[in-house]
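Engineer: Only the shape, not the letters, is given here:
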């Protein structure tokens, strides 16, 4: 069956999110930022919020580990919007083109339930999706197969009907494992070519 529905990841595909945008305003150099993001507010620490842990719990846990970094830890969520660099214009153009063609569009994002309203308020193109599956709301995060099945159920589509786009290779692999046609996002131009090959664009 030819896929007819597109499911987008958000961060790194449509939205440029990077904690460095904030911490470059606070810390003196990239080496110091590297140490902070690798030792204190780590990728795994942030993913726990994407999977449903509250911000209050996360801040308390990190502050207990690194009391000398309390101000920096609090800034992660108090100034979360400063990590949003804006939309990725080329991908948004693809999204708008698909919408104009009547393609059913959905999103599946690892994002804290507490900060996702900031994204909704800031990015008007999110209204183009028929449904957005937000990991923090479900307390499930990619690459857990259950969250992909939830997204398919929300779209009322079989896996083989869907194309999923994500910038994380492990999230792409997990989607493929349950039968979704998944594309690893590297650039808007490469995505446009891949969708054209599939006959979707």
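Structural biologist: Right, received. Where do you want to start? Small disclaimer: the values here were computed from a predicted structure and weren't measured.

Engineer: Now do the SS call for residue 164.
Structural biologist: Here residue 164 is recorded as strand under DSSP: H, G, I helix; E, B strand; the rest coil.

Engineer: which phi and psi does the spatially most distant residue from the centre of the chain have?
Structural biologist: For the chain, the residue at maximal distance from the C-alpha centroid (Cα atoms, centre = their mean) is residue 68, at 30.0 Å. Dihedral pair for residue 68: phi -70, psi -10, per degrees, to the nearest 10.

Engineer: How much space separates it from residue 37?
Structural biologist: 16 Å (Cβ to Cβ, to the nearest Å). To be clear about C-beta, it is placed using only N, CA and C from the backbone, and glycine gets the same treatment.

Engineer: before we move on, the earlier item: show me what contacts the residue farthest from the centre of the chain?
Structural biologist: With contacts defined as Cβ atoms under 8 Å, 6 or more residues apart in numbering, residue 68 has no neighbours.

Engineer: let's see it at 10 Å
Structural biologist: residue 40 (Cβ atoms under 10 Å, 6 or more residues apart in numbering).

Engineer: Which per-residue confidence value corresponds to it?
Structural biologist: For residue 68, the model assigns a pLDDT of 97.

Engineer: distance of it from residue 76?
Structural biologist: From residue 68 to residue 76 the distance is 15 Å (Cβ to Cβ).

Engineer: what's near enough to touch residue 72?
Structural biologist: 22, 23, 26, 27, 32, 36, 40, 41, 62, 63, 66 are the contacts of residue 72 under Cβ under 10 Å, 6+ apart.

Engineer: Specify which member of those residues is nearest to residue 184.
Structural biologist: Nearest to residue 184, judged by Cβ to Cβ, of the contacts of residue 72 is residue 41 at 26.1 Å.
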